[in-house]
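> Sequence plus predicted model, see below.
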Amino acid sequence: MVQEVRFCRSPDGVRIAYAVHGSGPPLVINSCWLSHLQYDWQSPVWRHFVGELGKLCTVIRFDERGHGLSDWNVDDFSLAARVADLEAVVESAGLGRFALLGMSQGGPVAISYAAAHPERLTRLILFGAYAARRRGAEDDELFEAFVSLIRVGWARPQSTFRRVFTNMLIPGASEAQMQWVDALQRMSTSTDNAYQFRVQRQKEDVTDLLPLVSAPTLVLQALGDETVSFAEGRLLAAMIPDASFVPLDSRNHILLADDPAWPAFVREVAAFVAPDRDIADREFDLDGLTARELEILRLAAAGMENGAIADSLVLSVRTVERHLSNAYVKLGVSGRAGRTAAVADLVRRGLA
């Protein structure tokens with residue numbers, strides 16, 4: 001697949017690189033720290049992942065601040081800054097409603113976004129994710145050991161120090177796959193950024209936000225994951241209302257192409273996003289809409305809620321609701337799914 005790389009700026013001026021590939025309904029990936037838009041397609045660890053998801057959806061993924069093709073000269077690695085980066089990518093890509101996949105350390109960002117912007121998400125997927133890193137004294141000891149390894153060995157040409165992280169991420173990998181992840185760690189960011197990144201992650205805790213997530217949610221977690229424990233995935237599913245939980249029979253934090261759990265992951269994600277694909281493929285006869293109804297639907301396609309549309313057009317909210325209701329009747333749809341379907345059709349035709 002061919003990807004298109006674009007750039008946007010976060011509110012604090014940091015330039016964020018993101019890429020778009022695939023076809024179908026939009027899926028934004030807030031990925032883990034080991035990403036590099038330039039090299040992912042060459043990677044024996046990542047190419048199957050981005051390739052298969054691109055067959056299901058139009059994938060929008062980005063390098064986190066301080067990593068990959070995004071700016072490396074960064075002072076702020078806070079959760080608030082990372083959420084702002086996600087918001088900037090969403091706006092730059094011109095997305096209305098979309099599905100969001102939070103992987104690993106991208107989980108707290110995805111959870112924060114879902115709680116703050118429920119109107120923007122069609123569904124939420126959390127894979128190998130967590131709400132908080134600090135759960136006890138052992139976690140603190142591991143943190144101190146890891147940051148020491150980062151300081152001493154991250155930039156060294158030999159991968160001895162980085163191999164500790166690789167062994168935890170993909171214990172079931174071949175030597176070639178491990179060597180690639182060893183190299184990717186060094187290529188993806190600097191020693192100082194890796195250290196600051198790890199320190200900040202240890203402070204994050206979005207557990208209190210989990211009950212506020214209202215989007216349909218799928219949580220997938222490997223049973224033997226040594227990087228993020230199975231208990232963390234179970235906690236996410238237990239605290240997010242009506243979330244579905246899928247255990248994956250794997251030891252790997254990053255599912256490899258030959259991992260028996262990989263086909264199960266693809267099946268579960270494909271089934272979960274299937275309603276979005278059905279909506280995205282539907283075409284409507286817009287000829288029966290009045291100019292005002294079409295105008296309001298276009299604003300909805302831009303991600304605006306009824307109150308914002310009313311303010312923009314100097315109308316009452318009730319008037320906006322009436323026009324939308326009339327439009328839905330003419331299009332033969334109803335409810336939130338109907339709005340999503342109509343909006344997706346406008347976006348696909350370039351009318352939004």
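On my side now, so go ahead. Source: prediction; values computed, not measured.
> from here on, contacts and neighbour counts on C-alpha atoms
Will do.
> which SS state does the residue lying closest to residue 233 once chain neighbours are set aside fall under?
Leaving aside its chain neighbours, residue 233 sits nearest to residue 221 (5.6 Å; criterion: C-alpha to C-alpha, 6 or more residues apart in numbering). Three-state call for residue 221 (DSSP: H, G, I helix; E, B strand; the rest coil): strand.
> Then residue 296?
Assignment for residue 296 (three-state DSSP): helix.
> pLDDT wise, what is it at?
Note on residue 296: pLDDT of 89.
> could you measure it against residue 140, distance?
52 Å (C-alpha to C-alpha, to the nearest Å).
> who has more neighbours, the two?
residue 296 (22 against 14; other C-alpha atoms under 10 Å).
> show me the contacts for that one.
309, 320, 323, 324 (C-alpha atoms under 8 Å, 6 or more residues apart in numbering).
> Do a quick rundown of the strands in the stretch 101-250 of the chain.
121-127, 217-222, 244-248 (DSSP state E, counting those that start in this stretch).
> For the longest one, buried residues please.
Within strand 121-127, the residues that count as buried by 16 or more other C-alpha atoms under 10 Å are 121, 122, 123, 124, 125, 126, 127.
> Kindly report the same for stretch 248-267.
For stretch 248-267, by 16+ other C-alpha under 10 Å, it's 248-257, 259, 261-262, 265.
> again, but for stretch 222-235
222-230, 232-235.
> Equivalent analysis for stretch 80-91, please.
So, applying 16+ other C-alpha under 10 Å, buried residues of stretch 80-91: 81, 82, 83, 84, 85, 86, 87, 88, 89, 90.
> quick one: which of the residues you listed is nearest residue 75?
Within the buried residues of stretch 80-91, the smallest distance to residue 75 is 10.2 Å, found for residue 81 (C-alpha to C-alpha).
> For the helix or strand harbouring the closest one, which outside residues touch it?
Counting by DSSP states H and E, the element that carries residue 81 is helix 79-92. Contact partners of helix 79-92, identified using C-alpha under 8 Å, 6+ apart, comprise 8-11, 16, 18, 28, 30, 62, 64-65, 108-110, 112-113, 200, 204.
> Show me those that map onto helices.
108, 109, 110, 112, 113, 200 (DSSP state H).
> So this protein: which segments form each domain?
Listed domain ranges for the chain are 4-131+206-279, 291-349 (source: automatic domain parsing).
> Tell me which of those sits most buried.
domain 4-131+206-279 (a mean of 20; mean count of other C-alpha atoms under 10 Å).
> can you give me the offset of that one from its chain's centre?
Relative to its parent chain, domain 4-131+206-279 has a centroid offset of 2 Å by C-alpha atoms, centre = their mean, to the nearest Å.
> Let me see the ranges of the helices in the stretch 101-250 of the chain.
For the stretch 101-250 of the chain, the helices defined by DSSP state H, counting those that start in this stretch cover 107-116, 137-153, 162-169, 175-188, 191-201, 230-239.
> tell me what the third one is packed against?
In this structure, helix 162-169 makes packing contacts with helix 137-153, helix 175-188, judged by 3 or more C-alpha pairs under 8 Å, 6 or more residues apart in numbering; DSSP states H and E.
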